[in-house]
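> Provided below are the primary sequence and the corresponding predicted coordinates.
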Amino acid sequence: MTNSDDLVEAIEVMARAVGAHAICKYKFDRLRIEFPKLPDNDQQAKALYVIADLVEEAAENLQGQEDL
């Protein structure tokens, strides 16, 4: 089963693959992903933001399951 650490590693690897940099941190028990360095390609940047939103949502769902 995927855990939050796997999600963080995946988005960091994807960011590096397109020349970006991802910072993943927890704020108020929620995963937040920021990109201080984005790729030059606008489509790749947009894709990273979309995937980051999905990763944050998935991490929140995993956290909710752990609280049960």
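All right, it came through fine. Numbering: from 1, shown residues only.

> ok, what's across the strand from residue 25?
residue 32 (DSSP bridges).

> Next, find the distance separating it from residue 46.
Relative to residue 46, residue 25 is positioned 22 Å away (C-beta to C-beta, to the nearest Å). Quick note: C-beta positions are derived from backbone N, CA and C, even for glycine.

> what's the answer for residue 5, then?
Distance of residue 5 to residue 46, computed by C-beta to C-beta: 26 Å.

> Tell me which other helices or strands the longest helix anywhere in the chain touches.
Scanning the chain for the longest helix, with DSSP state H as the assignment, gives helix 42-66. Applying 3 or more C-beta pairs under 8 Å, 6 or more residues apart in numbering; DSSP states H and E, one finds that helix 42-66 contacts helix 4-17, strand 30-37.

> again, 10 Å this time
For helix 42-66, the packing partners by 3 or more C-beta pairs under 10 Å, 6 or more residues apart in numbering; DSSP states H and E come out as helix 4-17, strand 21-27, strand 30-37.

> just these: most buried one?
helix 4-17 (a mean of 16; mean count of other C-beta atoms under 10 Å).

> Show me what that one is in contact with.
2-3, 20-26, 31, 33, 35, 37-39, 44, 47-48, 51-52, 54-60, 62-63, 66 (C-beta atoms under 10 Å, 6 or more residues apart in numbering).
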